[in-house]
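1. here's a sequence, model it:
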Amino acid sequence: MDSGYYAACTALVSRTEALDTIANNLANASTVGYRAQHNVFSSVLAEAGSASSSPISQAMNNFGILSGTTLDQSQGALQKTGNDLDLAIQGSGYFVVQTPNGPMYTRNGSFQVSSKGQLITSSGDPVIGSNGTITMPPGEVSISADGTISSQGAVAGKLKVVQFAPGTTLTSAGETYYSAPPKSEIPATDSTVKQGMLESSNVNPVTSMVELITAQRSAEMMQRALSMFNSEMDKTATQDLPKIS
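-> The predicted structure follows:
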């Protein structure tokens, strides 16, 4: 069978997966602290097979596959909310939260106080401080740029803000949470905490729409190519099978 058939099939699968990634970005364009994901493609040169390969097969012989996604670490816009428990990070840092699946990292600082007085995320997971979970003091609180939490001059705790070395792979874990390789976190040195603010998603809707249209057109082109290959194989079968004695 012509190698171009495999190339078109693989390209269609990769473009379909890319569509899912782009659609997920668009769906989270207004999600607080969301980090956009970008597709990474690898070029694959299929075996030419024989010199008698069809022209369309030769044209499709060099194709790409989706080898994964990368997390966009660019800063999202900071928006004022006026809520003392809404926190944003200016810089590359992440808040640390404790989940049933272990520690996770988030840029979503829409926090609240639980019935037990602990600082928790909107999903109910405890926010981690430098000394473990954080018990919030009663009354109005002040949170400084380094994450220190105080009330009426008394320090109640300090938020744990971490960052990761360049090249560290963060994986989306849902709920605007991200996981990282064990022991890869380091204390944030270039980040400041902004009280009464939240970070918007860093998804660019216009760019994502262009990517979506491009991926859709590419997928449609691969579908047409597969139809052409099927027609060519049907024609070959019709002509050659009667010759078999």
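
2. okay, now Ser172: neighbour count?
-> By other Cβ atoms under 10 Å, 16 other residues sit near Ser172. Just so you know, the C-beta spots here come from the backbone N, C-alpha and C atoms, and that holds for glycine as well.

3. if I've got this straight, it is in a strand?
-> Yes: under DSSP: H, G, I helix; E, B strand; the rest coil, Ser172 falls within a strand.

4. give me the distance between it and Asn28.
-> Counting by Cβ to Cβ, to the nearest Å, the separation of Ser172 from Asn28 is 10 Å.

5. can you pull up the most central residue in this protein?
-> Closest to where the C-alpha atoms of the chain average out (Cα atoms, centre = their mean) is Gln37, at 3.4 Å.

6. could I get the contacting residues of the residue nearest to Ser123 when sequence neighbours are not counted?
-> Closest residue to Ser123 apart from its sequence neighbours, by Cβ to Cβ, 6 or more residues apart in numbering: Glu175 at 5.2 Å. Counting by Cβ atoms under 8 Å, 6 or more residues apart in numbering, Glu175 touches 106, 121, 123.

7. what is the least confident helix or strand in this protein?
-> Lowest by mean pLDDT, DSSP states H and E among the helices and strands of the chain is helix 55-59, with a mean of 52.

8. secondary structure class for Glu220?
-> Classification of Glu220 by three-state DSSP places it in helix.

9. circling back to that earlier point, got the contact list for the residue nearest to the centre of the chain?
-> By Cβ under 8 Å, 6+ apart, the neighbours of Gln37 are 21, 24-25, 69-72, 172.

10. in terms of helices and strands, where is the nearest residue to it once chain neighbours are set aside?
-> If the residues on either side of it in the chain are set aside, Gln37 comes closest to Thr69, at 4.4 Å by Cβ to Cβ, 6+ apart. Assigned by DSSP states H and E, Thr69 falls within strand 62-71.

11. what mean pLDDT would you report for that strand?
-> For strand 62-71, mean pLDDT rounds to 66.

12. now do whichever helix or strand comes after that strand, average pLDDT.
-> Moving toward the C-terminus from strand 62-71, the next helix or strand (DSSP H and E) is strand 78-80. Per-residue pLDDT values across strand 78-80 average out to 96.

13. got the buried residues for the helix or strand following strand 78-80?
-> For strand 78-80, the following helix or strand on the C-terminal side (DSSP H and E) is strand 87-90. By neighbour count on 16 or more other Cβ atoms under 10 Å, the buried set for strand 87-90 is 87-89.

14. so which residues of the protein form helices?
-> If DSSP state H is used as the criterion, the helices of the chain fall at 3-27, 55-59, 205-240.

15. for these, which has the smallest mean pLDDT value?
-> Lowest mean pLDDT within the helices of the chain: helix 55-59, at a mean of 52.

16. now Lys183: how far from Val162?
-> Look at Lys183 and Val162: by Cβ to Cβ, they are 11 Å apart.

17. nope, Ile22 is what I meant
-> For Ile22, the distance to Val162 (Cβ to Cβ) stands at 29 Å.

18. name the residue in the two with the higher neighbour count.
-> Ile22 (25 against 19).
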